[in-house]
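Colleague: Provided below are the primary sequence and the corresponding predicted coordinates.
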Amino acid sequence: MQEDKDYIWQGVRTMYDGFLEKDRTKIDQFINEDCTVWDSEERDLAIGLAGLNEVRARRPVDDSAAVVENIEAYDPVIDIYGDMAVARHYLRVSFPNDTDKPSFEIRNTGIWKKFPDGWQLIHNHEDELHQD
């Protein structure tokens, strides 16, 4: 069971590395094609990898968009229930010092399912935590 928890946590961290590296293949290897996603910047539920790609396509790509410098994932709580797992953690998103965008914190819950080929994310929910 600890091996499964370690795999899931490493998968979470690898996906954030993939985001920083702009490597969708690195991210998507852990996401089931029929996943659902509550993105912190979108109101509606993204359905499937195709829906997630629509969310991604709406994100700004011009030079005026602040570029994320670092994503620190921490405080994981992962529980395994047979072939299902619930993974919760926080992450801090940071930007370069020369931008006016402050860092912020997100709480994340991922539901993972064990398939014959291994664990994949089937639902992800993130909420940006408001700073006082």
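Modeller: Looks like it came in fine. Numbers count the residues shown, from 1 in each chain.

Colleague: how close does the closest residue to Val86 other than its chain neighbours sit to Ile31?
Modeller: The shortest distance from Val86 to any non-neighbouring residue, by C-beta to C-beta, 6 or more residues apart in numbering, is to Asp79 (5.1 Å). In short, each C-beta sits where N, CA and C put it, glycine included. To Ile31, Asp79 is 20 Å away according to C-beta to C-beta, to the nearest Å.

Colleague: Settle it for me: which of those two has more neighbours?
Modeller: Counted by other C-beta atoms under 10 Å, Asp79 and Ile31 do not tie: Ile31 has more neighbours, with 20 against 11.

Colleague: Now do the contacts for the residue nearest to the more buried one when sequence neighbours are not counted.
Modeller: Leaving aside its sequence neighbours, Ile31 sits nearest to Leu121 (C-beta to C-beta, 6+ apart; 5.0 Å). Going by C-beta atoms under 8 Å, 6 or more residues apart in numbering, Leu121 touches 11, 30-32, 35, 110-112.

Colleague: Show me what Leu121 is bridged to.
Modeller: Assessed by DSSP bridges, Leu121 has beta-bridge partners Ile31, Trp112.

Colleague: And the pLDDT for it?
Modeller: At Leu121, the model reports a pLDDT of 97.

Colleague: Neighbours of Glu72, how many?
Modeller: 13.

Colleague: what's the helix or strand for the residue sitting furthest away from the middle of the chain?
Modeller: Note on the chain: the largest C-alpha distance from the chain mean falls to Asp98, namely 25.5 Å (C-alpha atoms, centre = their mean). Here Asp98, judged by DSSP states H and E, is contained in no helix and no strand.
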